[in-house]
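Trainee: sequence-free structure coming up:
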């Protein structure tokens, strides 16, 4: 796999169509790296001229901000904005709804104004522009349920783009009882991913996994690397990992298109 | 002596409204204790939200049973109050059913008939509400924060409504002329037979008593609002008007922090320079919130508007999995602390005297604050656009930036971000390694 960095682009005097913001999870976490690679394959199939920041990318500061550390968040934001503006970035796509939300909503007032897409929105755009087609035969008839990431759904009211892609996969979508605006969190947001839960009678991801299991799925689809981890852990806890896979929509599309 | 009832009536009105006005002033004063925030933009969108969400009840009906029953009580409440206008005029001028002559018997009959039907529907709805709270044991009414006064408050409001509606129907049923006219007594005609054996005189006494108790009851109820969760019937309107219009995921960027961070990152700034004279005596701005006066007036308005329905708590992932966090409790605590601060100011001649307490720890514990996943379910669910999440975030900011009191694991995460630009301990130089892994 070859991926160009913004620095290399600049050295060649070129400006890509879009910057792919990989995010910390997408760069380092094993489950999330699969999403990153799948999305890159999709971009390459659609001949999208894109680049990444590579080693120049740093945390958006989302987790720090939601943990209450506004200082660290703004330091990260201002550093990233300096780099992004230095490369004259106009359009960003990311597989992480947290990065999506922060870049789209919280960077503008600090001087970072970009058009930001979640990868499901971007793929949808590629399809509309006839640059990509999803093979609907590969996964046809598979039972699938979709877990709405909070930072894509409620936080930014994007419920349709992931569902549009799911329909194009030819799978059998069964919604969970709690979905779209009433979807239950996977338990990772607000910096919970990086700490133990407070005392309670259950883990949030187990409750959410139970929601998903009620639909008797073969695939639990997500649109967020953190949700993917939480749901996969939940499925493992329920000892269902033999029957149910947890995958990001990008992975499913890459699979459908045999990438 | 002929004018005695009129005088007594005017007096009752003056006391009722006067006392209410006094409490409204206190309410405004307390809300203004909050920090300033500009919510004067996008007036048309704000108005639209208010009409749709507060007036149109659009978010209430997302839960159909309670939503539709609430709609009945709400419509009943708004429309039956037209009748109160007539009662006030009659009371002041000694007239009887003044509108009957003004509007004509048929139209008047239509109006009163509608009120009577609504009154009966309200009684039915209130009965179901009472059953839901006391018999069916719906989980969100049984949370820890609903013990004691909040539970009684909920029931008292229902009893008030039963009494007021019953008095209204009794007043009509015992009004001989009204019953004989036979227009508009849609429901009260079925109550009238109960009083068949009564003499004309005692009927008249019952009618007058019901009439007086009805209006006095309304005045008492009006003044009960301030002491109750029921203020939402008034505050839902400004609350939806002033609510946040940005995407729910967008949290505020603290300007005070931006100034400091920019200064820190500016290579032209001399880090060893002595601060300018004028800044020396200034108290540095507090980051985040530890007490109600650190919150914005919109957050305080939110607290007074909350009617403790608990839809937020019943959708909160932390609460659903047995954690202590309850978004409703965050709002109730904020309101109770604000009331305490207000009373303190009243008792000390207009100036707050330190009482050694604050919202943090004395009301809301860090354990509750750290259980939040910032998922926005509470904000989404609130039928009147209250934002408990913003209070939780402001209090986390205080814990982290003023007290360095984050859980140890979060401190690790934050120092990782500081050192290597990721929440985990990976080298930033390895950020692109995924390209070569399969």
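Mentor: Thanks, I have the structure now. Note that the structure is predicted; figures quoted are calculated from it, not measured. Numbers count the residues shown, from 1 in each chain, chains lettered A, B, ... in the order given.
Trainee: end to end, how far does stretch B:422-429 reach?
Mentor: This stretch, stretch B:422-429, spans 11 Å end to end (Cα to Cα, to the nearest Å).
Trainee: What's the mean pLDDT across it?
Mentor: Averaging pLDDT along stretch B:422-429 gives 95.
Trainee: Nearest residue to the closest residue to chain B within chain A in space, please, no chain neighbours.
Mentor: Taking Cβ to the nearest Cβ, chain B has its nearest neighbour within chain A at residue A:155, 2.6 Å off. Where you see a C-beta, it was placed from the backbone N, CA and C, and this is true even at glycine. Once flanking residues are discounted, residue A:155 sits nearest to residue B:249: 2.6 Å by Cβ to Cβ, 6 or more residues apart in numbering or on different chains.
Trainee: So for the one you found, what pLDDT did the model give?
Mentor: 98.
Trainee: roughly how far apart are it and residue B:143?
Mentor: Noted for residue B:249: a distance of 27 Å to residue B:143, by Cβ to Cβ, to the nearest Å.
Trainee: Name the SS class of the residue in chain B positioned nearest to chain A, please.
Mentor: Closest to chain A within chain B is residue B:249: 2.6 Å, counting by Cβ to the nearest Cβ. Secondary structure, DSSP: H, G, I helix; E, B strand; the rest coil: residue B:249 is coil.
Trainee: List the contacts of it.
Mentor: Contacts for residue B:249 (Cβ atoms under 8 Å, 6 or more residues apart in numbering or on different chains) come out as A:101, A:105, A:150, A:151, A:154, A:155, A:156, B:376.
Trainee: nearest residue to the second one other than its sequence neighbours?
Mentor: With Cβ to Cβ, 6+ apart as the criterion, residue A:105 has its nearest non-adjacent residue at 3.6 Å, and that residue is residue B:250.
Trainee: State the number of residues packed around residue A:255.
Mentor: 17 (other Cβ atoms under 10 Å in any protein chain shown).
Trainee: Let me see the backbone angles for it.
Mentor: Main-chain dihedrals, residue A:255, degrees, to the nearest 10: phi -70, psi -50.
Trainee: quick one: contacts for it?
Mentor: A:38, A:138, A:139, A:247.
Trainee: again, but for residue B:144
Mentor: B:326, B:329.
Trainee: Tell me how far it lies from residue B:382.
Mentor: 20 Å.
Trainee: low-scoring stretches of the chain, by residue?
Mentor: All of this is about chain A. By pLDDT under 70, chain A has no low-scoring segment.
Trainee: That was the other one, I meant chain B.
Mentor: Ranges of chain B meeting pLDDT under 70: B:1, B:271, B:274-283.
Trainee: mind putting the contacts of residue B:249 in JSON lines, neighbour count and secondary structure included?
Mentor: Output for the contacts of residue B:249, formatted as JSON lines (neighbours: other Cβ atoms under 10 Å in any protein chain shown; DSSP: H, G, I helix; E, B strand; the rest coil):
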{"residue": "A:101", "neighbour count": "26", "secondary structure": "helix"}
{"residue": "A:105", "neighbour count": "20", "secondary structure": "helix"}
{"residue": "A:150", "neighbour count": "31", "secondary structure": "coil"}
{"residue": "A:151", "neighbour count": "33", "secondary structure": "coil"}
{"residue": "A:154", "neighbour count": "25", "secondary structure": "coil"}
{"residue": "A:155", "neighbour count": "26", "secondary structure": "coil"}
{"residue": "A:156", "neighbour count": "22", "secondary structure": "coil"}
{"residue": "B:376", "neighbour count": "24", "secondary structure": "coil"}
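Trainee: ok, so of the residues you listed, who is nearest residue B:308?
Mentor: Nearest to residue B:308, judged by Cβ to Cβ, of the contacts of residue B:249 is residue B:376 at 20.0 Å.
Trainee: Identify the residues contacting that closest one.
Mentor: For residue B:376, the contact set (Cβ under 8 Å, 6+ apart) comprises A:150, A:154, A:155, B:248, B:249, B:389.
Trainee: Go again with 6 Å.
Mentor: Applying Cβ atoms under 6 Å, 6 or more residues apart in numbering or on different chains to residue B:376 gives the contacts A:154, A:155, B:248.
Trainee: hang on, the earlier thing: if I look at the residue of chain A closest to chain B, how far off is residue A:6?
Mentor: 27 Å.
Trainee: One more: residue A:187?
Mentor: 34 Å.
Trainee: of the two, who's got more company?
Mentor: Between residue A:187 and residue A:6, residue A:187 has the larger neighbour count (other Cβ under 10 Å), namely 28 against 23.
Trainee: Quick one: residues contacting the spatially closest residue to that one that is not a sequence neighbour.
Mentor: Leaving aside its sequence neighbours, residue A:187 sits nearest to residue A:204 (Cβ to Cβ, 6+ apart; 2.9 Å). Residue A:204 is in contact with A:187, B:317, B:321, counting by Cβ under 6 Å, 6+ apart.
Trainee: Show me which residues of the stretch 51-200 of chain A sit near chain B.
Mentor: A:54-55, A:57-59, A:63-64, A:66-72, A:74-75, A:101, A:105, A:109, A:150-151, A:154-156, A:181, A:184-185, A:189-192, A:194-195, A:198, A:200 (Cβ under 6 Å from any Cβ of the partner chain).
Trainee: Next step: the contacts of residue A:255 restricted to strands.
Mentor: residue A:247 (DSSP state E).
Trainee: So which bits of stretch B:418-434 are buried?
Mentor: Residues B:420, B:421, B:422, B:423, B:424, B:426, B:428, B:431, B:432, B:434 are the ones in stretch B:418-434 that count as buried (16 or more other Cβ atoms under 10 Å in any protein chain shown).
Trainee: Keep those, but drop any that are not near chain A.
Mentor: Residues of the buried residues of stretch B:418-434 in contact with chain A (Cβ under 6 Å from any Cβ): B:421, B:422, B:423, B:424, B:426, B:428, B:431, B:432, B:434.
Trainee: so what does the host helix or strand of residue B:76 touch, helix or strand wise?
Mentor: Assigned by DSSP states H and E, residue B:76 belongs to helix B:64-93. Packing partners of helix B:64-93 (3 or more Cβ pairs under 6 Å, 6 or more residues apart in numbering or on different chains; DSSP states H and E): helix B:98-103, helix B:105-134.
Trainee: Out of these, which is the most enclosed?
Mentor: Ranked by average neighbour count under the criterion mean count of other Cβ atoms under 10 Å in any protein chain shown, the helices and strands packed on helix B:64-93 are headed by helix B:105-134 at a mean of 18.
Trainee: What residues of whichever helix or strand comes after it count as buried?
Mentor: On the C-terminal side of helix B:105-134, the nearest following helix or strand under DSSP H and E is helix B:149-173. For helix B:149-173, a neighbour-count test (16+ other Cβ under 10 Å) marks B:150-151, B:153-154, B:156-158, B:160-161, B:164-173 as buried.
Trainee: what's the answer for stretch B:347-355, then?
Mentor: Buried, per 16+ other Cβ under 10 Å, within stretch B:347-355: nothing.
Trainee: try stretch B:320-330
Mentor: Buried, per 16+ other Cβ under 10 Å, within stretch B:320-330: B:320, B:321, B:323, B:324, B:325, B:326, B:327, B:328, B:329, B:330.
Trainee: The nearest residue to the first one once chain neighbours are set aside sits in which helix or strand?
Mentor: This means residue B:320. Spatial nearest neighbour of residue B:320, chain neighbours left out: residue A:207 (6.2 Å); criterion: Cβ to Cβ, 6+ apart. For residue A:207, the host element (DSSP H and E) is helix A:204-213.
Trainee: Distance from the chain centre to that helix, please.
Mentor: Computed by Cα atoms, centre = their mean, to the nearest Å, the chain-centroid distance of helix A:204-213 equals 19 Å.
Trainee: ok, and for that helix, which residues are buried?
Mentor: Neighbour counts over helix A:204-213 (16+ other Cβ under 10 Å) mark A:204, A:205, A:207, A:208, A:209, A:211, A:212, A:213 as buried.
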